[in-house]
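> Quick one: sequence and predicted model below, then my questions.
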Amino acid sequence: MFEGSYLGDDSKIGAVTQLECGICWWVYDPAVGDPVSHVPPGTPFSALPEHWRCPNCDAPKHKFMAKGEA
């Protein structure tokens, strides 16, 4: 397990924390949201629906790692 691994634990991340896909390195930035999945800007990663997946490679949420401080 990587130090920044999310592993589905919302308590490990803050509302503005960026998370990076461990498969393709796409970055979810809450300030931007996810236009592909119609997630509006300002949506924290923890508020994404459980079925949300990486828009670049289709990886599940638990494959994401925190990029910065939570």
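That came through fine.

> residues contacting the residue lying closest to residue 54 once chain neighbours are set aside?
Nearest residue to residue 54 in three dimensions, chain neighbours excluded: residue 21, at 4.6 Å (CB to CB, 6 or more residues apart in numbering). Bear in mind the C-beta positions are built from the backbone N, C-alpha and C, glycine included. Shown in contact with residue 21 (CB atoms under 8 Å, 6 or more residues apart in numbering): 27-28, 54, 56-57, 59, 63-64.

> Got the confidence number for residue 21?
Per-residue confidence for residue 21 comes out at a pLDDT of 96.

> bridging residues for it?
Listed beta-bridge partners, residue 21: residue 64 (assigned using DSSP bridges).

> Which of the helices and strands in the protein ranks last by mean pLDDT?
Across the helices and strands of the chain, mean confidence by mean pLDDT, DSSP states H and E is lowest for strand 64-66: a mean of 92.

> So which other helices or strands are in contact with that one?
On a contact count with 3 or more CB pairs under 8 Å, 6 or more residues apart in numbering; DSSP states H and E, strand 64-66 meets strand 19-21.

> Quick check: which ranges of the protein have low pLDDT?
Scanning the chain for pLDDT under 70 picks out 1-9, 11-12, 68-70.

> again, only this time at 90
Counting by pLDDT under 90, the chain contains low-confidence residues at 1-15, 67-70.
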